[in-house]
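Asker: Fold the following.
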Amino acid sequence: MLRRFKVILGYARQEMILEPGSDFSEPWAADTSGLLLRAGGADLKTISVLHVLTNTPAAAASIKEGDHILSVDHEETLDLSLEGIRRLFTSPGNHHLLVRRGQQVLDVDFTTIAPLD
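Answerer: Prediction:
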């Protein structure tokens with residue numbers, strides 16, 4: 001997000017000034033899955049669900065807070081970054097997740113939608 005701005009730090013006044021930069025007007029790619037994810041573990045490859053927004057594709061697919069995402073579209077999360085997963089959810093389309101919930105491993109399908117303008 002900060003790449004859209006020129007960041008000026010005023011140490012004397014303890015302030016930060018954000019001025020619009022050349023990338024300011026670029027379209028913002030929105031993740032429409034409804035998932036708020038966290039990368040954890042020593043290698044940041046353990047992807048867990050922090051929150052599921054109501055009335056979203058993830059909520060409709062019954063994904064729950066605390067679930068661990070093992071794969072996205074048949075690609076293991078060990079091979080994906082958190083940003084890479086988010087990027088997958090910015091385009092409308094069908095997605096297949098392998099989710100661990102406690103001792104269960106679940107197959108979950110949902111469809112992301114185009115972001116609203």
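
Asker: State which helix of the protein is the longest.
Answerer: Secondary structure assigned by DSSP state H gives helix 82-88 as the longest helix of the chain.

Asker: same for that one, what does it pack against?
Answerer: strand 35-40, strand 68-72 (3 or more C-beta pairs under 8 Å, 6 or more residues apart in numbering; DSSP states H and E). Yep, even glycine has a C-beta here, placed from its N, CA and C like the rest.

Asker: what sits up against stretch 38-58?
Answerer: 32-37, 59, 63-69, 77-78, 80-82, 85, 110-113 (C-beta atoms under 8 Å, 6 or more residues apart in numbering).

Asker: try stretch 108-117
Answerer: Counting by C-beta under 8 Å, 6+ apart, 29-33, 57-58, 60-63, 89-99 sit against stretch 108-117.

Asker: for this protein, which spans come out with low pLDDT?
Answerer: 1, 28, 116-117 (pLDDT under 70).

Asker: ok, which stretches of it are strands?
Answerer: Secondary structure of the chain by DSSP state E: the strands cover 5-10, 15-20, 35-40, 46-52, 68-72, 75-76, 93-101, 104-112.

Asker: gap between the two ends of stretch 70-77?
Answerer: End-to-end span of stretch 70-77 (C-alpha to C-alpha, to the nearest Å): 6 Å.

Asker: next one: stretch 10-21
Answerer: 18 Å.

Asker: Would you check how far apart the residue nearest the centre of the chain and residue 102 are?
Answerer: Taking C-alpha atoms, centre = their mean, the centroid of the chain lies closest to residue 86, which sits 3.6 Å from it. Distance, residue 86 to residue 102, using C-beta to C-beta, to the nearest Å: 25 Å.
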